[in-house]
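# Curious how this folds, go ahead:
(one chain, ligands or ions: 1)
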Amino acid sequence: MSDAPQNRLATRCVHAGEAEDAHGSPHTPLYSTTTFAFPSTAAILDVVEGRATGSLYTRYGLNPTIQALEAKLAAIEGAEAALSFGSGMAAAAAVFLAHGREGIVCVGDAYGGTLELLGEQLPLLGIRTHLLLGAELDRLDGLLADGARLVFLETPTNPALEIFDIAAFAERTHAQGALLVVDNTFASPVNQQPLALGADLVMHSATKYLGGHSDITAGALMGPAALVAAVAPWRKNLGSAPAPETAALLARSLRTLTVRVEAQNASALALARAMQAHPRVARVLHPGLSSFPGHELAARQMSGFGGMLTIEIDAGAADPAAAAAAVVDRLRLFTLAPSLGGVESLVTQPCTTTHHGLSPQERKRRGIGDGMIRLSVGLEDSAELIADLEQALASAGTEGVVR
Ligand SMILES: *Cc1c(COP(=O)(O)O)cnc(C)c1O
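So this is what the prediction gives:
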C-alpha cells in the first residue's frame, strides 16, 4: 500500500489516505454531502452502534473526504490517528477540554488566541491554567505535582522563534504522568516531528503551512488512537469538524507540502543571512543562523529551520516602533498581513498586530521589541525578496521623512 508509514514524507504527502475510486480518480473526490444513505435499518445500526465503519453524517467527521484527509494528516506526523478541525483554535480548544480539565501548563510564548483561551475563557469553566515564561520554568514540576495533567508548548515560538527541547519536556512531563501537547504550526511536519521526539499529541493551525495558500482556515490534531479518540466527542458536539470543501482543499495542499516548505526553508535562510549583514538591522532571529541562541538545539531536533524570521531594526532609533513601521510600509513584494505559511511572503510588526493586545511592559517581559518585524517567507524568488527588504531599509533610512 502506498501510504505505509515507512514511506518517506514526500511520498506520504502525495499518496497517504487516497481512497480507491470506481471512476479512477487519482485522489479522493470531494463528497459535498451532509448525510449518507443506507440500504436498511440493520445497516445503519451497524454504523451507529460501532460494528461497522462507514460514512454517516459530516459533522461527525464521517464523510469520505474528511476521513481521507485524516489518514493523510496522521501519516505525515507518523501518528496512529488524526482529527481535522474548522480552525487551529478549534483543535486547541477540543484538546484542552478533552485532556486538560485537571489543569494546563503552557510553556513559553504561544499564539495570541491560545493565550487568550488559556488565560480568559478556560478559567471561566473552572479549569486551572498556568502560563510560564522561560525564567519561571522551574515551577513546572510543582504544578504537575499539584495535579496539572497537560503541558502545552510551541517551538519555534512566535515571533522570537525561541526553541524548546521537546524530548526533555516530554521526559519531565511523563515523569509525573502528564501529557505533552506540541503546536507544530511554525515548523510543519517537514521540519519537525514532535511525536518521534516523545510528545503525546501534535496540533496544527492548518491555516498556515499545511494549507499553504492563505485560502483555507483549518486545524489538525495527531497522536495515538486512544488519545485522539477521547477528543472526537468534543469535536463532534462542539461542531468543529471542517467542511468537506475545506478538507478537499487541505488534502490538495498537503500533496505539495514538502516541496513548498523546503523552498521556504532555503529562502528564509538566505534572507536571514542577508539581513544579518545589513547595517540597519540590529538583530536577526532565525534558528538556522549559528549566532541564534537556540541554533544547536534546533539543529538537533529539526530537519530544517523553517520559513519564518524576525528582524529587529536598529535599537538606537528614538521610536523603534515607528522606524520598523517605516520599513514595513515601504515593502512592495511582502504583503502586510497577520498570518504565515502561504505561498506569498507576508510581513507583520508584532507590536501592532499579533501582540498589540499586550501592555508595553508585558511585551518587554516576553522579549518582543517594538522594532521587531516578522517575515513569513513565501515562494517568490529569494533574490527579489532580499532586494525588496534592502530598498525598504534604504528608503526608510531617514525615518520620519516621507519620500
Ligand atoms: C494561527 C495559529 C493558531 C490558530 O490557528 P487558526 O487556524 O487561526 O485558528 C494556533 N497556533 C499557531 C502557532 C498559529 O500560528
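# any idea whether the residue of the stretch 251-400 of the chain found nearest the ligand is helix, strand or coil?
Nearest residue of the stretch 251-400 of the chain to the ligand (C-beta to the nearest ligand atom) works out as residue 340 at 6.3 Å. In short, each C-beta sits where N, CA and C put it, glycine included. Assigned with DSSP: H, G, I helix; E, B strand; the rest coil, residue 340 falls in the coil class.
# Over to residue 316?
coil.
# quick one on the thing from earlier: what residues does the residue of the stretch 251-400 of the chain closest to the ligand make contact with?
By C-beta atoms under 8 Å, 6 or more residues apart in numbering, residue 340 lies in contact with 186, 208, 209, 307, 308, 346, 374, 376.
# Can stretch 351-360 be said to contact the ligand?
No: judged by C-beta under 6 Å from any ligand atom, stretch 351-360 stays clear of the ligand, getting no closer than 8.7 Å.
# Can you name the secondary structure element that comes next after the helix or strand encompassing residue 284?
Assigned by DSSP states H and E, residue 284 falls within strand 281-285. Following strand 281-285 in sequence order, the next helix or strand is helix 295-301 (DSSP H and E).
# for the protein, which spans come out with low pLDDT?
1-6, 315, 398-403 (pLDDT under 70).
# For the ligand, what's its nearest residue on it.
Closest point on the chain to the ligand, by C-beta to the nearest ligand atom, is residue 88, at 2.4 Å.
# ok, what's across the strand from the nearest residue to that residue once chain neighbours are set aside?
Spatial nearest neighbour of residue 88, chain neighbours left out: residue 205 (2.7 Å); criterion: C-beta to C-beta, 6 or more residues apart in numbering. Note on residue 205: beta-bridge partners by DSSP bridges are residue 219.
# Isn't residue 205 up against residue 185?
Yes: the criterion here is C-beta atoms under 8 Å, and residue 205 meets it with residue 185 at 4.6 Å.
# Of those two, give the one with the bigger neighbour count.
residue 205 (29 against 25; other C-beta atoms under 10 Å).
# List the buried residues in stretch 58-68.
Residues 58, 59, 61, 62, 63, 64, 65, 66, 67, 68 are the ones in stretch 58-68 that count as buried (16 or more other C-beta atoms under 10 Å).
# What about those residues, which are in helices?
64, 65, 66, 67, 68 (DSSP state H).
# give me every residue that touches the second one.
If a contact means C-beta under 8 Å, 6+ apart, then residue 65 has 28, 29, 30, 31, 244, 247, 248, 251 as its contacts.
# Nothing else from me, thank you.
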